[in-house]
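1. the sequence and its predicted three-dimensional model are supplied below.
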Amino acid sequence: MSVEQEKATTFVGRLWENPSLSGLSPLQKEEQLLQFLEINGKTLQPTLASGAFFPDMPWPRILELLKSALSNFTNKALSPLYEAILEKKMDFAFTQHMPHRSAAPAAVKAEMAQFLKTLSGQTNSRKELTGPLMGVGTGVIDRYMEKIFQRQKYISFELRKVQRLKISTNEVTDLVKATMLIRPSVQFFSPGGQSSSSGRNLILISSAFANKVTVEAAKSLTLMPEAVVKAGVNSSLSFQDNPYMESTARLAAVFSHRCRNLKPGMKVDRGAESSDKSWFSVARKNYKFYGFDLDMLVELHGIAAENGW
């Protein structure tokens, strides 16, 4: 490591440990700090171009060093996070009950671990992993799926009667999680990547393009049932234009968006709406724009309201 890289690592390390970022996931931290560096470039440049840091170095080069150091911090935190999520937060036993090439759940899990590392190696798909990782890692999906099956209403009907998932409730939950983790493949296989200039992380694709991405993603997920890969990709379709898309894909889309900016343990002021209830309330008003299933949002809003989420 060069002297410049060491200085960049030291500087970014201080930012990384900032108490205001505690509770955020590695990818959320990375996004916050990237925004900080971009927005505060003019303020930071005089100090960082001084003798104590990078004497007379142009700001673009300084920023490049800082971004590289930040990426290294994130990568070091992501590896154990992937392992913890795949080992403790989900199971791949559901694959044994679906048409696919014969493979042990452990083999499917190992393949998924490698796929996640691949996705995090590209900027756009790396950003798309934020929501899925938060949703799976914090237990959000587990608690909502439990209530969904207790209610036996619209979402449960769509999963059981329409999509015909003849597996246990826990396995359906793990299937939704796997669908979410595959979702960022749309960004990975998009030519040049697709990013939202509005900052709303919106990705809606055509069914023709979805079919192409499914073929490419399946080459990396050879042990995963094709139906799961397809649903993960289809979660980036608009439900309004594709009313027969899988219910697991529709759930993956909603939960991925919801969990992108999730802050676990955040306290709600007295009299204020809980964070989930507020989010689903806004999502219901904009469901067409995001391509969501309105009936799903209505039920999820009800669950959040009933449980103070």
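-> That came through fine. Numbers count the residues shown, from 1 in each chain.
2. the longest helix in the chain is where?
-> helix 59-84 (DSSP state H).
3. next structured bit after that one?
-> Per DSSP states H and E, the first helix or strand lying C-terminal to helix 59-84 is helix 105-119.
4. what packs against the helix or strand just after that following helix?
-> Per DSSP H and E, the first helix or strand lying C-terminal to helix 105-119 is helix 123-128. Counting contacts by 3 or more Cβ pairs under 8 Å, 6 or more residues apart in numbering; DSSP states H and E, helix 123-128 is packed against helix 26-39, helix 105-119, helix 185-188. No exception for glycine: its C-beta is placed from N, CA and C like everyone else's.
5. tell me which other helices or strands the helix or strand following helix 123-128 touches.
-> Using DSSP H and E, the next helix or strand after helix 123-128 towards the C-terminus is helix 130-137. Judged by 3+ Cβ pairs under 8 Å, 6+ apart, the packing partners of helix 130-137 are helix 26-39, helix 59-84, helix 169-182, helix 247-260.
6. how about 6 Å then?
-> Here helix 130-137 touches helix 169-182, helix 247-260, going by 3 or more Cβ pairs under 6 Å, 6 or more residues apart in numbering; DSSP states H and E.
7. can you list the domains in this structure?
-> 1-89, 103-307 (automatic domain parsing).
8. just the buried positions in the host helix or strand of residue 12, please.
-> Using DSSP H and E, residue 12 sits within helix 3-16. By neighbour count on 16 or more other Cβ atoms under 10 Å, the buried set for helix 3-16 is 7, 8, 9, 11, 12, 15, 16.
9. tabulate these (TSV), appending pLDDT and distance to residue 61.
-> Shown next, in TSV, are the buried residues of helix 3-16 (pLDDT from 0 to 100; distance: Cβ to Cβ, whole Å):
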residue	pLDDT	distance to residue 61
7	94	13
8	95	10
9	96	16
11	96	14
12	96	15
15	96	18
16	96	21
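10. between those, which sits nearest residue 26?
-> residue 16 (9.4 Å; Cβ to Cβ).
11. state the distance from the residue lying closest to that closest one once chain neighbours are set aside to residue 163.
-> With sequence-adjacent residues excluded and distances taken as Cβ to Cβ, 6 or more residues apart in numbering, residue 16 is closest to residue 73, at 5.1 Å. Applying Cβ to Cβ, to the nearest Å, the value for residue 73 to residue 163 is 40 Å.
12. what sits against the residue lying closest to residue 158 once chain neighbours are set aside?
-> Nearest non-adjacent residue to residue 158, counting by Cβ to Cβ, 6+ apart: residue 247, 3.8 Å away. By Cβ atoms under 6 Å, 6 or more residues apart in numbering, the residues touching residue 247 are 158, 159, 163.
13. picking that back up, now do the helix holding residue 12 against helix 26-39, angle only.
-> 110 degrees (axes from the mean of the first three to the mean of the last three Cα atoms, to 10 degrees).
14. name the residues that touch helix 3-16?
-> Counting by Cβ under 6 Å, 6+ apart, 33, 53, 65, 66, 69, 70, 73 sit against helix 3-16.
15. and these, which two are the farthest apart?
-> Pairwise over the contacts of helix 3-16, using Cβ to Cβ, the maximum falls at 53 and 73, 17.8 Å.
16. the residue located most distally from the centre of the chain: helix or strand, and which one exactly?
-> When distances to the mean C-alpha position of the chain are computed (Cα atoms, centre = their mean), the maximum falls on residue 51, with 40.4 Å. According to DSSP H and E, residue 51 maps onto no helix or strand at all.
17. list the residues that contact it.
-> Here residue 51 is in contact with no residue (Cβ under 6 Å, 6+ apart).
18. if I look at it, how far off is residue 7?
-> For residue 51 relative to residue 7 (Cβ to Cβ), the value is 11 Å.
19. same check on residue 277?
-> 46 Å.
20. likewise residue 40?
-> Residue 40 is 18 Å from residue 7, by Cβ to Cβ.
21. and residue 147, by the same measure?
-> 50 Å.
22. where does the prediction get shaky in this structure?
-> Along the chain, the parts satisfying pLDDT under 70 run over 101-102, 192-203, 265-272.
23. let's see that with 50 instead.
-> The chain contains residues with pLDDT under 50 at 194-201.
24. packing partners for the helix or strand encompassing residue 283?
-> Using DSSP H and E, the element containing residue 283 is helix 275-285. On a contact count with 3+ Cβ pairs under 6 Å, 6+ apart, helix 275-285 meets helix 294-307.
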